[in-house]
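Undergrad: From the sequence below, what's the structure:
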Amino acid sequence: MRGLNYDRLERITKVEKPFRGTTNRFPIGKRRHNTKYFLVRDEDGKRVFDIVFGTSWHSVSITEEEYEAERKLKNNRVHKYSPSDLTQKPEFIRYDHPPHILGTVYPEGYFQFKVGVRIHQGDRKFLSDLSSGWFTCDSRRGGLVYRAMGYGSASIPMPIYEGMRVYTDTMQPLDQYVVIGRKVDRKASRELVKPYENFYRVSEVMCKALDKESFLKIAEEVYANVKPQDNGKYISAKDCLRDAEALRDEAPLDAMILYCFGMQVGNIGNAIRNPGWHNLTPSSVHSNLMRTINTGLYKLHPEVFKPVEYQMGEAYPQSPWGYEVVVDGVSKHQYD
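TA: All right, here's what the predicted structure looks like:
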């Protein structure tokens with residue numbers, strides 16, 4: 001984040017004029033990019049710089065008296081919402097849009113990410129332009145990560161959490177952290193999915209013996225036999241899952257198809273209506289369903305996981321089970 005070097009920002013305050021109508025608002029780059037700037041303020045006797053990109057929007061409930069007073073001042077950010085039920089009182093809301101502060105640069109040469117803000121796509125692009133790398137959102141690594149330019153260890157993703165402090169010249173964190181992930185214990189997972197083994201095996205053999213057209217025809221017939229709960233008009237996902245559990249041992253193929261409808265695997269309903277649009281195969285649908293069922297079982301039974309620790313600077317793989325960032329024994333919220 002060399003673009004946020006403290007000496008550089010300090011120099012800007014001396015050679016650039018603040019934006020019109022302000023005394024502490026200065027451009028970070030080109031002056032015409034007036035949504036990208038920093039604010040100068042004092043904190044504990046230090047001169048610090050708040051880094052801003054655009055504005056945030058917040059809604060605040062106000063009283064009717066406050067609403068009327070703001071309307072007299074022709075403030076168009078206050079609104080009255082009348083409920084459809086006339087017995088209820090109307091709601092009065094004011095919409096504020098303060099500066100969207102991403103963090104603060106300190107004279108010691110580090111940048112501290114602000115706590116309690118969201119870092120969106122535009123914010124990531126803005127911070128990347130000021131850095132020698134990229135800020136990206138990686139859902140399988142917990143959320144926001146920073147990846148430096150280069151190869152090998154130089155480009156190892158680094159998690160970015162609320163309140164994190166990094167040196168602007170090197171992106172080196174000031175505080176040591178540990179990334180804690182979860183890994184499936186194979187022995188425990190085998191015991192968990194054991195009741196489904198026969199269902200998986202038989203339905204797999206049947207899928208391998210079917211072509212796409214035959215599979216979709218059977219799926220259409222199976223779905224037509226589902227009875228909506230409480231004699232309702234529409235078949236819900238719960239109805240499909242209920243029947244799938246009941247048929248799992250006696251009719252594995254029917255149960256597999258109903259699991260797919262209930263868990264939205266394979267997009268079978270759309271394939272029945274538009275068979276030419278989909279290139280699915282029964283075997284691929286079966287594989288996806290097995291993975292979906294197992295994933296759901298693992299999430300319901302956290303005892304099948306064992307923790308795995310990665311030290312700061314150590315590469316950690318993408319994982320569907322989530323990660324936790326810990327600093328001095330305290331769990332930190334990674335930007336998502």
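Undergrad: Show me where the stretch 151-300 of the chain dips below the pLDDT cut-off.
TA: By pLDDT under 70, the low-scoring segments of the stretch 151-300 of the chain are 152-154, 230-232.
Undergrad: Can you list the residue ranges for strands in it?
TA: Ranges of strands within the stretch 151-300 of the chain are 158-159, 165-167, 178-184, based on DSSP state E, counting those that start in this stretch.
Undergrad: which one of those strands is the most hemmed in?
TA: Greatest average neighbour count among the strands of the stretch 151-300 of the chain goes to strand 158-159 (a mean of 23), per mean count of other Cβ atoms under 10 Å. Glycine gets a C-beta too; all of them are placed from N, C-alpha and C.
Undergrad: which one's the longest helix in the chain?
TA: Of all the segments assigned as helix in the chain under DSSP state H, the longest by residue count is helix 282-300.
Undergrad: And the helices in the stretch 51-200 of the chain?
TA: 64-72, 121-129, 186-193, 197-208 (DSSP state H, counting those that start in this stretch).
Undergrad: Can you list the strands that the one helix or strand residue 37 maps to pairs with?
TA: For residue 37, the host element (DSSP states H and E) is strand 36-43. Strand 36-43 has the following strand partners under DSSP bridges: strand 25-27 (antiparallel), strand 46-55 (antiparallel).
Undergrad: And these: which comes nearest residue 198?
TA: The closest of these to residue 198 is strand 46-55. By Cβ to Cβ, the value is 56.4 Å.
Undergrad: which parts of stretch 218-229 are buried?
TA: For stretch 218-229, a neighbour-count test (16 or more other Cβ atoms under 10 Å) marks 218, 219, 222, 223, 226 as buried.
Undergrad: Would you enumerate the residues in contact with the first one?
TA: Residue 218 is in contact with 210, 253, 254, 257, counting by Cβ atoms under 8 Å, 6 or more residues apart in numbering.
Undergrad: The second one: neighbour count?
TA: The number of residues packed around residue 253, counting by other Cβ atoms under 10 Å, is 23.
Undergrad: Excluding chain neighbours, what is closest to it?
TA: Nearest non-adjacent residue to residue 253, counting by Cβ to Cβ, 6 or more residues apart in numbering: residue 206, 4.6 Å away.
Undergrad: Dump the strands paired with strand 36-43 to CSV, plus distance to residue 317 and mean pLDDT.
TA: Rendered in CSV, the data for the strands paired with strand 36-43 read as follows (distance: least, Cβ to Cβ, whole Å; pLDDT from 0 to 100):
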stretch, distance to residue 317, mean pLDDT
strand 25-27, 41, 96
strand 46-55, 31, 96
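Undergrad: chain center to the strand holding residue 37, what's the gap?
TA: Averaging C-alpha positions (Cα atoms, centre = their mean, to the nearest Å) puts strand 36-43 29 Å from its chain's average.
Undergrad: Only the C-alpha atoms, please, for it, written as CSV.
TA: This file holds the C-alpha atoms of strand 36-43, laid out as CSV (Å, rounded to 0.1, in the frame of the first residue of the first chain):
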residue,chain,number,x,y,z
LYS,A,36,-11.1,9.3,-3.4
TYR,A,37,-9.5,11.4,-0.7
PHE,A,38,-8.2,11.5,2.9
LEU,A,39,-9.2,13.5,5.9
VAL,A,40,-6.7,15.0,8.3
ARG,A,41,-7.4,14.8,12.0
ASP,A,42,-5.7,14.6,15.4
GLU,A,43,-5.7,11.4,17.5
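Undergrad: which parts of it are buried?
TA: The neighbour-count check on strand 36-43 (16+ other Cβ under 10 Å) flags 36, 37, 38, 39, 40 as buried.
Undergrad: Could I get the contacting residues of the fourth one?
TA: Think residue 39. 24, 25, 49, 50, 52, 99, 101.
Undergrad: Tell me the helix or strand right after the longest helix of the chain.
TA: Counting by DSSP H and E, the element after helix 282-300 in chain order, helix or strand, is strand 305-311.
Undergrad: what inclination does that following strand have with respect to helix 186-193?
TA: Here the directions of strand 305-311 and helix 186-193 differ by 140 degrees (axes from the mean of the first three to the mean of the last three Cα atoms, to 10 degrees).
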